[in-house]
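**Q** Generate a structure from the sequence data that follows.
(one chain, ligands or ions: 2)
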Amino acid sequence: MDIICREQTCVYNKGFSCSKRKILIGDKVTCTDYEKNSEIKNIEDTSKKVFSNEPPKYHAHRESKKGCIHCQANCLFRNEQTCEANGITVNKLNGKPFCVTYFKE
Ligand code: SF4
Ligand code: SF4
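**A** Ligands and ions are numbered 1, 2, ... in the order given. I've put the predicted structure just below:
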């Protein structure tokens, strides 16, 4: 289970990977464990440099069998209260960390 996340202002975000192994996606499909990192002032848009000579550093794929995503959204990948996708991607939508792997049931 890997959690890719684009919400870089969160304390748990390490190079676009979530370091918190247990999170809860709420019924509005947003991550309820977001915690603002007060030390981060400006977020650089590194996506422009992906194909440059000096690409930005991203965290390696962080596969974890201990990871667990609890979820309350009405999604195809949810079984009981747990996400059964192989991994999820969280993106910042309308200022909120939204699970874009969501697939309406
Ligand atoms: S917003 Fe949620 S998924 Fe993203 S780094 Fe923070 S806790 Fe992890
Ligand atoms: S993929 Fe679906 S079940 Fe898994 S966390 Fe996202 S919304 Fe919840």
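**Q** Buried residues, stretch 28-36. List them.
**A** Neighbour-count burial for stretch 28-36, counted by 16 or more other Cβ atoms under 10 Å, picks out Val29, Thr30, Cys31, Asp33, Tyr34. Quick note: C-beta positions are derived from backbone N, CA and C, even for glycine.
**Q** what sits against Tyr34?
**A** Glu7, Cys10, Lys96, Pro97 (Cβ atoms under 8 Å, 6 or more residues apart in numbering).
**Q** now do Asn53
**A** Under the criterion of Cβ under 8 Å, 6+ apart, the contact list for Asn53 is empty.
**Q** Of the contacts of Tyr34, which pair is most distant in space?
**A** The span of the contacts of Tyr34, defined through Cβ to Cβ, is set by Cys10 and Lys96 at 11.3 Å.
**Q** the more surrounded of those two?
**A** Using other Cβ atoms under 10 Å as the criterion, Cys10 and Lys96 rank with Cys10 on top: 22 against 14.
**Q** The more buried one reaches Asn37, doesn't it?
**A** Yes: Cys10 lies in contact with Asn37 (Cβ atoms under 8 Å); the separation is 6.4 Å.
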